[in-house]
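S.K.: let's see this in three dimensions:
(one chain, ligands or ions: 1)
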Amino acid sequence: PEDGPLKGKHVLITAGPTWEPIDPVRYIANRSSGKQGFAIAAAAARAGACVTLVAGPVHLETPPGVDRIDVESALQMADAVKRSLPADIAVMVAAVADWRTADIAKEKLKKRGSAPPALLLTENPDILATVASRPDRPPLLIGFAAETENVIQHAKEKRKRKGADWIIANDVSGDVMGGDANAVHIVRGDDVISLPEMPKEDVARILVERFTDALV
Ligand code: C5P
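M.R.: Coordinates of the predicted model:
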C-alpha cells in the first residue's frame, strides 16, 4: 500500500450491478457501470488503504493496488463481503438486484410454441443492512442511494432503515448510470452536504477525504 492518511486501514467496497440468472444463458441485470465504486476504490488505494473491491460484472480495469473479487449474483456478493470483513470502512456502492429468480432453470428455457414462462422472483438479502447488524460491523459504514425523485428525503429514510452511518445520494434521473459525472449529497443524519456535478473521480477523491476525516 502507498503511504497516506488511510495507511493501515482496510476499506471494503462493493461496485457494479449484479446478474441474477434465469437459466444457463439468461440473466436479469441493471444499468450500473461500476465507475463510481471503482473510482472510490482507486482513491482509497491512493490514500494508502488496503482496498478490497467486490465487483459485479463490469468492463473496468482493476485500479492499481486494489484487491478485486469478481462476483455475479447478489448471493455471491453477500458471501464475498462477509468473507472480506472485518474492515475499517465499508462503502456499498453496488446496485444489487432487489430480486432473484426463485429457482434457476437447469436447462435453457424453450419457446415450444406455448405461453411465455412466468418468472417467479424472490427477495435478495440486503447486503448493507446485513453488514450493519453484524458484530463486526465496520466503524464507518456507507451506503449509496440512487433515486429519481425526493432524493434527500429517501436517502435519510434509507440511512435509518439500513443502519448505515452515511448515505451518498445521487439523482439518477439523468444519465448518471454509465456516465462519467455525478452530483451527490452526503447524508449524515440531518446534516447534508451537497456537492455540485463533477467527474466521478473527483467525487471519489472528496468522499475518501471525508471518510478519512470521520475516522479520526
Ligand atoms: O434500497 P436500495 O437498493 O436503494 O439501497 C441502496 C444501498 O443499499 C446501496 O448502498 C446498495 O449497495 C445497498 N444494497 C445492498 N444489498 C441489496 C440492496 C442494496 O447492499 N440487496
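
S.K.: determine the set of other helices and strands touching the helix or strand of the chain with the lowest mean pLDDT.
M.R.: None of the helices or strands of the chain scores lower by mean pLDDT, DSSP states H and E than strand 181-182, at a mean of 90. Counting contacts by 3 or more Cβ pairs under 8 Å, 6 or more residues apart in numbering; DSSP states H and E, strand 181-182 is packed against strand 198-199, helix 200-215. The way it works is simple: take the backbone N, C-alpha and C, and place the C-beta from them, glycine included.

S.K.: to the ligand, which of those lies closest?
M.R.: When the helices and strands packed on strand 181-182 are compared by Cβ to the nearest ligand atom, helix 200-215 sits nearest the ligand, at 12.9 Å.

S.K.: tell me the buried residues in that closest one?
M.R.: Applying a neighbour-count criterion of 16 or more other Cβ atoms under 10 Å, one finds 200-208, 210-212 buried in helix 200-215.

S.K.: and what of stretch 157-167?
M.R.: 158-159, 162-167.

S.K.: let me know how buried A145 is, in neighbour terms.
M.R.: 23 (other Cβ atoms under 10 Å).

S.K.: follow-up on the earlier one: helix or strand right after the least confident helix or strand of the chain?
M.R.: Using DSSP states H and E, the helix or strand that follows strand 181-182 in sequence is strand 184-188.

S.K.: what about the longest strand in the chain?
M.R.: With secondary structure taken from DSSP state E, the chain has its longest strand at strand 140-147.

S.K.: which helix or strand lies directly C-terminal to it?
M.R.: That would be, after strand 140-147 and using DSSP H and E, helix 151-162.

S.K.: helices or strands next to that next one in the packing?
M.R.: Helix 151-162 packs on helix 127-132, strand 140-147, strand 166-171, strand 184-188, going by 3+ Cβ pairs under 8 Å, 6+ apart.

S.K.: A15: which of these is closest?
M.R.: strand 140-147 (9.7 Å; Cβ to Cβ).

S.K.: next, see if that closest one gets close to the ligand.
M.R.: Yes. Looking at strand 140-147 against the ligand by Cβ under 6 Å from any ligand atom, the contacts come from 143-145.

S.K.: got it, and stretch 191-210?
M.R.: No. Applying Cβ under 6 Å from any ligand atom, one finds stretch 191-210 separated from the ligand by no less than 12.9 Å.

S.K.: can I get that stretch in PDB, CA atoms only?
M.R.: The C-alpha coordinates for stretch 191-210 follow below in PDB (Å, rounded to 0.1, in the frame of the first residue of the first chain):
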ATOM      1  CA  ASP A 191     -26.700  17.100   8.200                       C
ATOM      2  CA  VAL A 192     -26.500  17.000   4.400                       C
ATOM      3  CA  ILE A 193     -23.500  18.100   2.300                       C
ATOM      4  CA  SER A 194     -24.400  18.700  -1.400                       C
ATOM      5  CA  LEU A 195     -21.600  18.600  -4.000                       C
ATOM      6  CA  PRO A 196     -22.000  20.000  -7.400                       C
ATOM      7  CA  GLU A 197     -21.800  17.800 -10.500                       C
ATOM      8  CA  MET A 198     -18.200  16.700 -11.200                       C
ATOM      9  CA  PRO A 199     -16.400  13.700 -12.700                       C
ATOM     10  CA  LYS A 200     -16.800  10.500 -10.700                       C
ATOM     11  CA  GLU A 201     -13.100  10.500  -9.900                       C
ATOM     12  CA  ASP A 202     -13.400  13.900  -8.200                       C
ATOM     13  CA  VAL A 203     -16.500  12.700  -6.300                       C
ATOM     14  CA  ALA A 204     -14.400   9.700  -5.200                       C
ATOM     15  CA  ARG A 205     -11.500  11.800  -4.000                       C
ATOM     16  CA  ILE A 206     -13.700  14.100  -2.000                       C
ATOM     17  CA  LEU A 207     -15.600  11.200  -0.400                       C
ATOM     18  CA  VAL A 208     -12.400   9.500   0.600                       C
ATOM     19  CA  GLU A 209     -11.200  12.700   2.200                       C
ATOM     20  CA  ARG A 210     -14.500  12.800   4.200                       C
END
